[in-house]
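# from the sequence below, what's the structure:
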Amino acid sequence: MQDKVNREFDRDESAKSLITEDDLRGLEPGARLRVADNAKFTPLAQDIIGEKQIELVKKQPRVASIKVQTVAIGADHGGFPIKEQLKPYLEGLGLKVRDLGTNSSDAVDYPDFAHAVAKAVGDNQNDIGIIIDGAGIGSAMAANKVPNVRAAACYSVALAKNAREHNGANVLTLGSGQNSFEEIKEIVESFLTTDLSEDRHRKRVNKIDNIEKQYSR
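As a prediction, this is how the structure comes out:
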């Protein structure tokens, strides 16, 4: 019983933008449910919350922990819908967003947009870049051809955190066919709120940069 009292919440549904009655199934009266700050609820879910007096614990974006100020974002036709959803989300976090295309769902070539975003980051015009295509892999390959860019394809919060904390990644590539939008928001937030900090990681990242310099002469 003491463990339950000390827990911040009994169930975490904060990755969902819409809470339905199915998400409340099995919760005891007075339970604490963690939800996104902007979560919406179906009418039946609202009734159940009222009847069971379920306490809503809202998850706030970690705006104060964001390590960057400007973001260059780009996508091919497969990533275009996600890009359009991400822009207002990023702006809501207080970031200045630079959209480098594409601007429709018409078929285009992902290397063109990966190059544009990577160049913006490599030239220090923007702090970080986000690129979305179908899988995220091709864009990472293209972006990593640009000097001063360390691009990482990340499909989970853990990978995004590792890419920043251990590898000093400055470009995040995402696959529109690999994650839901709610998952992508979590991945992006992890990338934005993590930084390269420890000297042992900095030393290894410097070695990565030195390899690039050897072939740039």
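
# confidence-wise, which helix or strand of this protein is lowest on average?
When the helices and strands of the chain are scored by mean pLDDT, DSSP states H and E, helix 2-6 comes last with a mean of 43.

# quick check: mean pLDDT across the helix ranked longest in the chain?
Ranked by residue count, the top helix of the chain under DSSP state H comes out as helix 199-214. Along helix 199-214, the predicted local confidence has a mean pLDDT of 94.

# pull the distance from it to the chain's centre.
Between the centre of helix 199-214 and the centre of its host chain there is 25 Å, according to Cα atoms, centre = their mean, to the nearest Å.

# so what touches that helix?
Pro147, Asn148, Arg150, Glu165, His166, Asn167, Gly168, Leu196 (Cβ atoms under 8 Å, 6 or more residues apart in numbering). For the C-beta atoms, the positions are set from N, CA and C on the backbone; glycine is no exception.

# run through who's touching the stretch of helix or strand Ala45 belongs to.
Mapping Ala45 onto the secondary structure by DSSP states H and E places it in helix 43-52. Around helix 43-52, the neighbours that count as contacts under Cβ under 8 Å, 6+ apart are 19-21, 23-24, 27-31, 33, 41, 54, 56.

# follow-up on the earlier one: drop anything exposed from the contacts of helix 199-214.
Listed as buried from the contacts of helix 199-214 are Arg150, Glu165, Gly168, Leu196; burial here means 16 or more other Cβ atoms under 10 Å.

# if I look at the closest residue to the first one other than its chain neighbours, how far off is Ile208?
This means Arg150. Residue nearest to Arg150 in three dimensions, not counting chain neighbours: Ala169, with 4.9 Å by Cβ to Cβ, 6 or more residues apart in numbering. When distances are taken as Cβ to Cβ, to the nearest Å, Ala169 and Ile208 turn out to be 10 Å apart.

# spell out which residues are contacts of both of these two.
Joint contacts of Ala169 and Ile208 (Cβ under 8 Å, 6+ apart) are Arg150.

# so Ala118: helix, strand or coil?
When classified by DSSP: H, G, I helix; E, B strand; the rest coil, Ala118 comes out as helix.

# contacts only, for it.
Gly129, Ile131, Ala142, Ala143, Asn144, Lys145, Val146, Val149, Ala151, Val171 are the contacts of Ala118 under Cβ under 8 Å, 6+ apart.

# can you show me the helices along this protein?
Counting by DSSP H, residue ranges of the helices within the chain are 2-6, 43-52, 80-92, 110-122, 137-143, 157-165, 181-192, 199-214.

# how about the CA coordinates for the last one, as CSV?
Output in CSV follows, covering the C-alpha atoms of helix 199-214 (Å, rounded to 0.1, in the frame of the first residue of the first chain):
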residue,chain,number,x,y,z
ASP,A,199,34.7,14.3,-21.0
ARG,A,200,35.0,10.6,-21.9
HIS,A,201,32.2,11.0,-24.5
ARG,A,202,33.7,14.3,-25.8
LYS,A,203,37.0,12.5,-26.3
ARG,A,204,35.4,9.8,-28.5
VAL,A,205,33.4,12.4,-30.5
ASN,A,206,36.6,14.3,-31.1
LYS,A,207,38.0,11.1,-32.6
ILE,A,208,35.0,10.8,-34.9
ASP,A,209,35.6,14.4,-36.0
ASN,A,210,39.3,13.7,-36.6
ILE,A,211,38.5,10.8,-38.9
GLU,A,212,36.4,13.3,-41.0
LYS,A,213,39.3,15.8,-41.1
GLN,A,214,41.7,13.1,-42.4
